[in-house]
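Peer 1: structural data only, the sequence is not supplied:
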C-alpha cells in the first residue's frame, strides 16, 4: 500500500501515485489564467499612457489657472 503524504485523495496509475490532493483544505494551489489580470498588471502595461495623460491634464489645468489669474489682473472697462 502506498502512503498518501500530500492529501487524502489520490489518482494511482501503474507507476504509483500520479496526483494527490486534499479535500479538507480550501485551496491547495491557486490557478491564474492569462485573461485574469489584476489592477497592478494594467497599471504596469499602460504606465506610459497614464503618465502622459496625467501630464496633459496637469498642463491644461496649469494653463487654465494662469488664464484665470491673467483675467483677474486685467483692468476692467
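Peer 2: Thanks, I have it. The shown structure was predicted, so the numbers you read here are calculated from the model rather than taken from an experiment.
Peer 1: list the buried ones in the lowest-mean-pLDDT helix or strand in the chain?
Peer 2: Between all helices and strands in the chain, the lowest mean by mean pLDDT, DSSP states H and E belongs to strand 16-21, at a mean of 74. Buried residues in strand 16-21, counted by 16 or more other Cβ atoms under 10 Å: residue 20. The C-beta positions use only the backbone N, C-alpha and C, and glycine is treated the same way.
Peer 1: show me what that strand pairs with in its sheet, parallel or antiparallel.
Peer 2: If you go by DSSP bridges, strand 16-21 pairs up with strand 9-13 (antiparallel).
Peer 1: from the middle of its chain, how far away would the very next helix or strand once past the least confident helix or strand of the chain be?
Peer 2: Reading on from strand 16-21 to the C-terminus, the next helix or strand found by DSSP states H and E is helix 39-45. Relative to the centre of its chain, helix 39-45 is centred 5 Å away, using Cα atoms, centre = their mean, to the nearest Å.
Peer 1: and the average pLDDT for helix 39-45 is what?
Peer 2: The average pLDDT within helix 39-45 is 88.
Peer 1: report the distance from the helix ranked longest in the chain to the chain centre.
Peer 2: Secondary structure of the chain per DSSP state H: the longest helix is helix 47-73. Between the centre of helix 47-73 and the centre of its host chain there is 29 Å, according to Cα atoms, centre = their mean.
Peer 1: just the mean pLDDT for stretch 59-77, thanks.
Peer 2: 91.
Peer 1: residue contacts, the closest residue to residue 19 other than its chain neighbours?
Peer 2: With sequence-adjacent residues excluded and distances taken as Cβ to Cβ, 6 or more residues apart in numbering, residue 19 is closest to residue 11, at 4.5 Å. Residue 11 makes contact with 17, 18, 19, 20, according to Cβ atoms under 8 Å, 6 or more residues apart in numbering.
Peer 1: pretty sure the second one is touching residue 9, no?
Peer 2: This points to residue 18. No. The criterion here is Cβ atoms under 8 Å, and residue 18 misses it with residue 9 at 11.7 Å.
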